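I need the structure of the sequence given here:
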Amino acid sequence: MLRPMQPPLDGTIVVTGASSGIGRALARELAKTARRIVLVARRKERLDALADELRGVRSELVVDVEAVDLADLEATDALATRLLDSGDIDVLINNAGLGDVALYDQSDWSRIARMNRVNVDALMLLTHRLLPPMVARDRGGLLNVSSGFGLSVMPVMAAYVGSKHYVTAFTESLRIELAKTNVVVSQVCPGPVATEFEEVAGNPFGMSVPAAVTITPEHCARSAIAGFRRGKAIIVPGALMAVVTAFGRMTPRWVFRAAYRPIGAFTRKRLAAGSGS
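Residues are numbered from 1 along each chain as shown. This next block holds a predicted model:
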């Protein structure tokens with residue numbers, strides 16, 4: 001079995017989507033070992049507050065802030081140039097992501113396009129720019145935050161699920177490409193996490209995810225970093241979700257289609273009733 005080296009978590013680490021949720025928790029976890037952390041997100045005031053907090057963890061830790069909207073690919077490319085000019089980047093954590101919970105035929109295209117620019121295009125662009133120097137040095141790490149839905153399907157989230165399937169397939173394929181190098185490629189596929197996802201993505205179901213299957217961002221971050229440190233290919237935080245995910249990966253697709261069909265029909269009916277049509 002091929003066993004990759006450990007990612008250099010004592011070096012310079014870039015964390016996207018660091019202003020809240022999983023990204024913020026990842027930055028706090030990484031502050032224990034990193035030499036330098038670069039926090040990337042849109043909301044500068046949140047990044048500045050987090051940077052001040054992290055600098056208090058270890059006096060020798062360097063924390064830089066990059067307030068960038070990753071949906072703007074020109075700005076994202078310029079960010080990559082600044083990062084490369086600032087010195088060696090040892091680890092890239094592509095955590096930034098957006099969601100969209102809606103029937104696809106009723107969803108807003110501008111919202112979907114923005115989501116795909118963040119979930120897919122920005123992730124691909126930053127990886128394309130920052131990965132080659134890692135390969136040249138034969139040292140580095142890439143952690144992509146996908147989703148449990150990157151391994152499954154779900155109606156009323158077709159666009160979001162599709163974007164996460166892209167991330168999962170891309171990460172798995174890239175890991176194989178780099179198997180003979182010392183660049184560690186992993187992905188984390190969490191289930192429900194208590195973040196701002198529902199607030200931003202919407203909730204046409206009218207009900208929240210049960211607390212029994214929801215984990216905290218801190219739990220997710222600890223599991224993600226522990227698995228990344230061991231060089232795991234796919235990290236599923238939470239014992240319950242690990243079992244559910246494993247079962248789901250063994251389940252034939254026709255079973256999912258049959259089981260989930262009522263959800264799509266129920267949601268369409270509910271929305272139609274709500275609109276009066």
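
so Cys65 is in which element?
For the record, residue 65 is Val, not Cys. Here Val65, judged by DSSP states H and E, is contained in strand 62-67.

Following element in sequence after that strand, please.
By DSSP H and E, the next helix or strand past strand 62-67 is helix 73-85.

okay, that next one in CSV with CA atoms only?
The C-alpha trace of helix 73-85 is given here as CSV (Å, rounded to 0.1, in the frame of the first residue of the first chain):
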residue,chain,number,x,y,z
LEU,A,73,-11.7,34.7,-10.4
GLU,A,74,-9.5,37.6,-11.4
ALA,A,75,-9.1,38.5,-7.7
THR,A,76,-8.5,34.9,-6.9
ASP,A,77,-5.7,34.7,-9.5
ALA,A,78,-4.2,37.9,-8.1
LEU,A,79,-4.3,36.3,-4.7
ALA,A,80,-2.4,33.3,-5.9
THR,A,81,0.3,35.6,-7.4
ARG,A,82,0.7,37.4,-4.0
LEU,A,83,0.9,34.1,-2.2
LEU,A,84,3.6,32.8,-4.5
ASP,A,85,5.5,36.1,-4.2
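
Wait, Gly141 touches Pro8, no?
Yes - the pair Gly141 and Pro8 qualifies as a contact (C-beta atoms under 8 Å) at a distance of 6.3 Å. C-betas here are computed from N, CA, C, even on glycine.

residues touching the nearest residue to Arg58 once chain neighbours are set aside, list them.
Ranked by C-beta to C-beta, 6 or more residues apart in numbering and with sequence neighbours excluded, the top spatial neighbour of Arg58 is Ala31, at 6.7 Å. Applying C-beta atoms under 8 Å, 6 or more residues apart in numbering, we find Ala31 in contact with Ile37, Leu54, Val57, Arg58, Leu61, Val63.

What separation is there between Ala31 and Ile215?
The spacing between Ala31 and Ile215, counted by C-beta to C-beta, to the nearest Å, is 21 Å.

before we move on, back to that, what's the residue nearest to Arg58 sitting at in phi/psi?
The phi/psi pair for Ala31 (degrees, to the nearest 10) reads phi -60, psi -20.
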